[in-house]
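Engineer: Have a look; sequence and predicted model below, questions after that.
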Amino acid sequence: MAAPLKGLILCGGRSTRMKQDKSQIAYHGMPQWEYLYYLVQAVIPEVYVSCREEQRDTLRTGIPVITDNVAGAGPSVGLLSAHAAHPEAAWLVLAVDLPLISEQSLNYLVSNRQADKDATSLISPFNQLPEPLIAIWEPSGLALLEKNFGEGRNCPRKTLLNADILQLENPFSVEQFNANTEEEMSEASRKLGNGH
């Protein structure tokens, strides 16, 4: 039996390179976290926003939130906090720094999910490695991440590289563009026709 699938928008990063909270950038006329929340909700009904405790006030009330409750830093904290809250669930995880992602990439990921693997991940077009933050993590994959994290290895990509995963070549791979700096934010805005 496949684990129930929930959505997770990862907003808890410190955004140091961007010099502003990436989750609040309005590429689509609303904060990016909110855009992604509704985007994922069109594919998976139950979606949560993952954030640090001090970010809660920046989110609209009524949005399901999982605050970081695992000591440490990095995206593993958000993933493991979600796993602790709902250990029975698989999670479609999306980083908040994906301004070009659309429903077609999400549908492609969900329709090709292999629930008997540890994860189903899109392949990065930039380095041909699995994308840990555009992926479906099954409970078994999150258990592996938890074990590695507990041993001081907190890189989700390294966990995927040493797990039984399905890697997918996304036909819409241009949508996997990450915007982590002000230059990349401007580039994303250009690609979206916003011209920021």
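Structural biologist: That came in fine, so what should we check first?

Engineer: who are the neighbours in contact with Gly152?
Structural biologist: When contacts are counted by CB atoms under 8 Å, 6 or more residues apart in numbering, Gly152 is found next to no other residue. Bear in mind the C-beta positions are built from the backbone N, C-alpha and C, glycine included.

Engineer: Report pLDDT for the residue lying closest to Val65 once chain neighbours are set aside.
Structural biologist: Among residues not flanking Val65 along the chain, Val49 sits closest, at 5.2 Å (CB to CB, 6 or more residues apart in numbering). According to the model's per-residue confidence, Val49 sits at a pLDDT of 95.

Engineer: hang on, Val49 packs against Ile66?
Structural biologist: Yes: the pair formed by Val49 and Ile66 meets the contact definition of CB atoms under 8 Å, at 7.4 Å.

Engineer: quick one: which of those two has more around it?
Structural biologist: A side-by-side neighbour count of Val49 and Ile66, using other CB atoms under 10 Å, places Val49 first with 27 against 23.

Engineer: Need phi/psi at Ile134.
Structural biologist: Dihedral angles of Ile134 (phi, psi; degrees, to the nearest 10) stand at phi -140, psi 70.

Engineer: The nearest residue to it once chain neighbours are set aside is in what secondary structure piece?
Structural biologist: Here the nearest residue to Ile134 in space, its sequence neighbours aside, is Leu122; by CB to CB, 6+ apart that works out to 4.7 Å. With the criterion set as DSSP states H and E, the secondary-structure element containing Leu122 is strand 119-123.

Engineer: So which bits of the helix or strand the residue nearest to Val65 falls within are buried?
Structural biologist: If you go by DSSP H and E, Val49 is part of strand 47-51. Along strand 47-51, these residues count as buried under the neighbour rule (16 or more other CB atoms under 10 Å): Val47, Tyr48, Val49, Ser50, Cys51.

Engineer: cool, stretch 55-72 as well?
Structural biologist: Using 16+ other CB under 10 Å as the test for burial, stretch 55-72 gives Gln55, Leu59, Val65, Ile66, Thr67, Asp68, Val70.

Engineer: For Tyr35, state which of those residues is nearest.
Structural biologist: Proximity of these to Tyr35 (CB to CB) peaks at Leu59, which lies at 12.9 Å.
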